[in-house]
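1. dropping a prediction and its sequence here:
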Amino acid sequence: MKISFHSFSDVITNSSEVIYVTVGKKTIELVKELINYFLENAGSEKRADDLFKFSTELDDGYVDRILDNIDAGEEELLPEDALELHRKDIKEEERHKIVRRLVDEGKIDASKYDNDYGYREDSVIITPKDNRYSKEALNITGWIRSAFDLEATRDG
Amino acid sequence: MEKIVLKVHSFSDIITNSSSEIFINANKKTIEAVKTLINYFLEKGGSKKTADDLFVFKIVRDDPDDHQTGESESCLELITKGNADQVLNLTNEIRNAFDIEERSN
């Protein structure tokens, strides 16, 4: 049986490859430029910063790994933070929010949780400043994933 | 006889590191999603205009010679109505703004 490099690569990668949309240092600035472009074309004098708050959200997989380590006693926290995370009847969603806040505050170093088989896929979240729309936050990274087809091709 | 063990994972890495390329392809559903996104920004900005009032949406295939693999990419262009010279290639904008990477396990 003869297997060409190309076919062999396809066999492997079709079953196991993942494409990641990740956030770089320039991402938020470029997203703001894009929003400003749309607003300008509509004749609006408002700018992205007038209308929206921009933030990044840590990859869910990282949050899960951090929580596993906290629960196993391998991530040291300040007593008040540990108490908050282990409150009775606390929901998982709230635990995720607390971990994200601790990472933002620099109390947990998320980069310690990097590994060589995955990729950190943080999201950019756009939240309207107007309170009437505050529940209409948009995950622009997730939007790209669903709106475009992302494909990898190889010829070797 | 000496036996050489070649790990499948490593072999895949050798191949893909040298020749893989990632494509961002736009299609009909992309146009609808982009219109929804633009309308979201315009609405929050207090504009009564919509994406369809401002832009013509066009899917174009780029030049296969621009890619190592000889494939071409379906790009989404936004042409400003009333000014056909003002064209935004949204696919390129997204590629510039975000890091899009592939990982094979």
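-> Yes, it's here. Keep in mind it's a predicted model, so treat the numbers as computed, not measured. Numbers count the residues shown, from 1 in each chain, chains lettered A, B, ... in the order given.
2. chain A: helices as residue ranges?
-> For chain A, the helices defined by DSSP state H cover A:5-16, A:27-41, A:48-51, A:60-71, A:79-85, A:92-104, A:140-147.
3. turn those into CSV, including mean pLDDT.
-> CSV is the format used below for the helices of chain A (pLDDT from 0 to 100):
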stretch, mean pLDDT
helix A:5-16, 42
helix A:27-41, 93
helix A:48-51, 95
helix A:60-71, 92
helix A:79-85, 90
helix A:92-104, 93
helix A:140-147, 85
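4. low-confidence stretches in chain B?
-> Applying pLDDT under 70 to chain B picks out residues B:1-20, B:67-70, B:103-105.
5. returning to that earlier point: okay, the helices of chain A in a markdown table with mean neighbour count next?
-> For the C-beta atoms, the positions are set from N, CA and C on the backbone; glycine is no exception. Conversion of the helices of chain A to a markdown table gives the following (neighbours: other Cβ atoms under 10 Å in any protein chain shown):
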| stretch | mean neighbour count |
| --- | --- |
| helix A:5-16 | 14 |
| helix A:27-41 | 19 |
| helix A:48-51 | 16 |
| helix A:60-71 | 17 |
| helix A:79-85 | 13 |
| helix A:92-104 | 16 |
| helix A:140-147 | 18 |
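6. got the ones you listed as TSV, with distance to B:I94 columns?
-> Formatted as TSV, the helices of chain A follow (distance: least, Cβ to Cβ, whole Å):
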stretch	distance to B:I94
helix A:5-16	23
helix A:27-41	9
helix A:48-51	16
helix A:60-71	22
helix A:79-85	36
helix A:92-104	25
helix A:140-147	6
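7. I'd like those laid out as CSV, including distance to chain B.
-> Output for the helices of chain A, formatted as CSV (distance: least, Cβ to the nearest Cβ, whole Å):
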stretch, distance to chain B
helix A:5-16, 4
helix A:27-41, 4
helix A:48-51, 5
helix A:60-71, 13
helix A:79-85, 30
helix A:92-104, 19
helix A:140-147, 4
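8. spatially central residue in chain A, please.
-> A:D122 (2.0 Å; Cα atoms, centre = their mean).
9. and the helices of chain A: which comes nearest B:K48?
-> helix A:27-41 (13.0 Å; Cβ to Cβ).
10. report how many residues lie close to B:E101.
-> 14 (other Cβ atoms under 10 Å in any protein chain shown).
11. could you look up the SS state of it?
-> Of the three states, B:E101 takes strand according to DSSP: H, G, I helix; E, B strand; the rest coil.
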